[in-house]
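1. Return atomic coordinates for the entry below.
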Amino acid sequence: TELVARSRNLIVATGATERLKDPGCVVAGHKIVLSKLVLTEEAINDVGERKNGNLKGSVAIVGNSHSAWSAAHKLLERFGSTPSFRIDMFSRNGTKVFFNSQQEAALANYHFGTNDICPKTGRVNRFLGIRGDAKNLFLRNQAGEEGRISLHVYRDTEDITPFLQQATVIVQATGYEVNKLNIHDTTGNLGQGVAG
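-> Numbering: from 1, shown residues only. Modelled structure (predicted):
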């Protein structure tokens, strides 16, 4: 049975799925875990058990979105007391951070462009910016208060391959794929829904 609904306007909020993609290091593929797995207690315990209950050396996080910084926060909570523990975070772009106003962003020494400002509310990175514990961790790192995380900007995968090979675990935090719906417009043409 096919479900058909008709509406003049449509908001699709079907969520998204994180899929395992090699972040660019085939030789280290066996060490890759999804960021969503690090964010659950059961999964992070599994990560620890894989490494004899204690992560020594470095964890590489590929990405710099909310999921990447949330994963970093969770890993530091769980394994950060180990003296040798550190996180190398790799991204192609700068981290987007949410602020209620331009003044608030300036006080945090966060650099933003005019395209980052919402024209209606004046908020900075209103939709894309990281928030909560992820935001606090990023700001502490930028202020020099959290030295266990090193940020690396890269262009080509080859640039980060040595880091990934040396990492104990690689966390993939490169985004989610939208769960799409088949949508027909008023002429009956098939289109794809956009998640919101």
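
2. Three-state assignment for Ser150, please.
-> strand (DSSP: H, G, I helix; E, B strand; the rest coil).

3. Tell me how many other residues surround it.
-> 13 (other C-beta atoms under 10 Å). Quick note: C-beta positions are derived from backbone N, CA and C, even for glycine.

4. To what extent is the residue nearest to it when sequence neighbours are not counted buried, counted in neighbours?
-> Nearest non-adjacent residue to Ser150, counting by C-beta to C-beta, 6 or more residues apart in numbering: Asp88, 5.2 Å away. When neighbours are counted by other C-beta under 10 Å, Asp88 registers 19.

5. bridging residues for Asp88?
-> Beta bridges link Asp88 to Ala60, Ser150, judged by DSSP bridges.

6. Please report how far it lies from Arg155.
-> 16 Å (C-beta to C-beta, to the nearest Å).

7. now swap in Ile87 and tell me
-> From Ile87 to Arg155 the distance is 21 Å (C-beta to C-beta).

8. Look at these two and report which has more neighbours.
-> Between Ile87 and Arg155, Ile87 has the larger neighbour count (other C-beta under 10 Å), namely 24 against 8.

9. Surely that one and Ser150 touch.
-> Yes - with contact defined as C-beta atoms under 8 Å, Ile87 reaches Ser150; the gap is 7.3 Å.

10. just to revisit the earlier point, wait, the residue nearest to Ser150 touches Ile61, no?
-> Yes - using C-beta under 8 Å, Asp88 is in contact with Ile61, at 7.3 Å.

11. which stretches of this protein form strands?
-> 16-17, 32-34, 58-62, 86-91, 149-153, 169-172, 177-178, 182-184, 190-192 (DSSP state E).

12. Buried residues, stretch 75-86. List them.
-> By neighbour count on 16 or more other C-beta atoms under 10 Å, the buried set for stretch 75-86 is 75-76, 78-80, 85-86.

13. from the middle of its chain, how far away would it be?
-> Centroid displacement of stretch 75-86 relative to its chain, using C-alpha atoms, centre = their mean, to the nearest Å, is 19 Å.

14. what's the span of it from first residue to last?
-> 10 Å (C-alpha to C-alpha, to the nearest Å).

15. where does this structure have its least confident helix or strand?
-> strand 190-192 (a mean of 52; mean pLDDT, DSSP states H and E).
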